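Student: predicted model follows, preceded by the sequence.
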Amino acid sequence: MNRIKELRKEKGISLKELGNEIGISSATLSRYETDKRNPKIENWQKLADYFQVPVPYLMGTSNHRDGLDLWAEHSGYSMESIQKEIDRLEKANRFNNENRQQRIGQAIENLSSNGNDEYSAILNLSIDIRKMVHEYLKPYFYNLDAMEKQPDKFLAPGSKIKLGKKPIFYDDMHPETMKKVDEIIADTALKLSELASEIRRQEQ
């Protein structure tokens, strides 16, 4: 049995009022409530949006009004870990007027390192720093892949390494300088990654 009537009564509205709100006739809604007619998927969604519940809960196939079980199933994170992250964010006053669905979504974003918490920010910074290596080296190298296969090859400015028909370095390149830059960036990225891991351990 679906929960349309239950949620409508909870809101204290009539079939006519509900119909006016979502653009479905009261007669059709009555048949939905008594399971005499099955709503089209778009009408299930209209009703779910109006009552602010997941479609499976409205249909009666899920007992989780906030859809936490479905979030867990699709994200790969357990309901317990998602709820724990929500509790942590609430304790840290990271929410403003977000509804339950938005809070669940933010918690999953954080767990997947895509959120706006301290751990995610530091971890993503370490990843972005590594990406920057290629961005900054592009103006100096013809062939980054070939350069990475010969990372210890030092050249005097003005000379070139030939790889087939294309040189790896530009003439004015100082490979030893760029190697040092690469090492500094790699070390910084590693330290940030270790810091992010330490933060995550402390939160658990």
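Tutor: Received it, and whenever you're ready, just let me know what you need. Numbering: from 1, shown residues only.
Student: tell me the buried residues in stretch 70-79?
Tutor: For stretch 70-79, burial by neighbour count (16 or more other C-beta atoms under 10 Å) applies to 70-72, 75, 77, 79. Just so you know, the C-beta spots here come from the backbone N, C-alpha and C atoms, and that holds for glycine as well.
Student: among those, which lie within helices?
Tutor: 70-72, 75, 79 (DSSP state H).
Student: what's the weakest-modelled helix or strand in the chain?
Tutor: Ranking every helix and strand in the chain by mean pLDDT, DSSP states H and E puts strand 162-163 at the bottom, with a mean of 46.
Student: which helices and strands does the helix or strand harbouring residue 18 pack with?
Tutor: Assessed by DSSP states H and E, residue 18 sits inside helix 15-22. Contacts defined by 3 or more C-beta pairs under 8 Å, 6 or more residues apart in numbering; DSSP states H and E place helix 15-22 against helix 26-33, helix 41-51.
Student: columns mean neighbour count on top of these, output as TSV?
Tutor: Formatted as TSV, the helices and strands packed on helix 15-22 follow (neighbours: other C-beta atoms under 10 Å):
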stretch	mean neighbour count
helix 26-33	16
helix 41-51	16
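Student: which of those has the lowest average pLDDT?
Tutor: Mean pLDDT values for those show the minimum at helix 41-51, a mean of 90.
Student: residues contacting it, please?
Tutor: Contacts to helix 41-51, defined as C-beta atoms under 8 Å, 6 or more residues apart in numbering, come from residues 4, 7, 11, 18, 21-24, 32, 39, 54-55, 57-59.
Student: of all those residues, the one with the weakest confidence?
Tutor: Out of the contacts of helix 41-51, that is residue 54, at 82.
Student: now that residue: closest residue in space, sequence neighbours ignored.
Tutor: residue 67 (3.4 Å; C-beta to C-beta, 6 or more residues apart in numbering).
Student: okay, now the one you found: neighbour count?
Tutor: Using other C-beta atoms under 10 Å, residue 67 has 20 other residues around it.
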